[in-house]
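Asker: Here is my input; please provide its structure:
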Amino acid sequence: MPLMPKRVKYRKNQRGKVKGNAQRGNYVAYGDYGLQALEGGWLDAAVIEAGRVTAAQFVRGEGRLFIRAFPHKSISAIPAETRMGKGKGEPEYWAAVVKPGMILFEIAGLPEEAARTCMARVAYKLPFKCRFVSRRPNA
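Answerer: Here you go, the predicted model:
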């Protein structure tokens, strides 16, 4: 079941622009290792779910997975070959707005090599470049 908000103030959003780097959500906060986006864009709820399933199959009860991206933005579309002037289309899917530097997934309770393999499998599913990062030592 894809993620989506329980309720929203407005059903249809404007597209907006993804400008700048992530100011928050840009460090590993919950797990030991994370997957950091290097490019900006929209992350479809179905893609987040595909990443969750892939990581859950790899972890198999050993570690803990944290999903840091949530799809708050509704993306609308008009059917193909429709004439102009009939208004904005209906919401088609939900997406998370991702800025460069944002942590998308985190994992805890696995050795680094296993976590690296797991995150590589998740990154393969994502539509933009990502990198493996680890938690900073508490200085």
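Asker: Let me know how buried L35 is, in neighbour terms.
Answerer: 26 (other C-beta atoms under 10 Å). Backbone N, C-alpha and C define where each C-beta goes, glycine included.
Asker: host element of it?
Answerer: strand 33-37 (DSSP states H and E).
Asker: Give me the buried positions along that strand.
Answerer: Within strand 33-37, the residues that count as buried by 16 or more other C-beta atoms under 10 Å are 33-37.
Asker: Give me the neighbour count for A96.
Answerer: 21.
Asker: Strands along this structure, start to end?
Answerer: 33-37, 41-44, 64-67, 73-77, 90-98, 103-108, 130-134 (DSSP state E).
Asker: Same list (those strands) but as a markdown table, adding distance to V122 and mean pLDDT.
Answerer: A markdown table is the format used below for the strands of the chain (distance: least, C-beta to C-beta, whole Å; pLDDT from 0 to 100):
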| stretch | distance to V122 | mean pLDDT |
| --- | --- | --- |
| strand 33-37 | 6 | 96 |
| strand 41-44 | 12 | 95 |
| strand 64-67 | 9 | 94 |
| strand 73-77 | 21 | 95 |
| strand 90-98 | 14 | 95 |
| strand 103-108 | 6 | 96 |
| strand 130-134 | 8 | 96 |
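Asker: Adding distance to R83, write the ones you listed out as JSON lines.
Answerer: Shown next, in JSON lines, are the strands of the chain (distance: least, C-beta to C-beta, whole Å):
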{"stretch": "strand 33-37", "distance to R83": "38"}
{"stretch": "strand 41-44", "distance to R83": "27"}
{"stretch": "strand 64-67", "distance to R83": "40"}
{"stretch": "strand 73-77", "distance to R83": "15"}
{"stretch": "strand 90-98", "distance to R83": "16"}
{"stretch": "strand 103-108", "distance to R83": "39"}
{"stretch": "strand 130-134", "distance to R83": "40"}
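Asker: Good, we can wrap up now.
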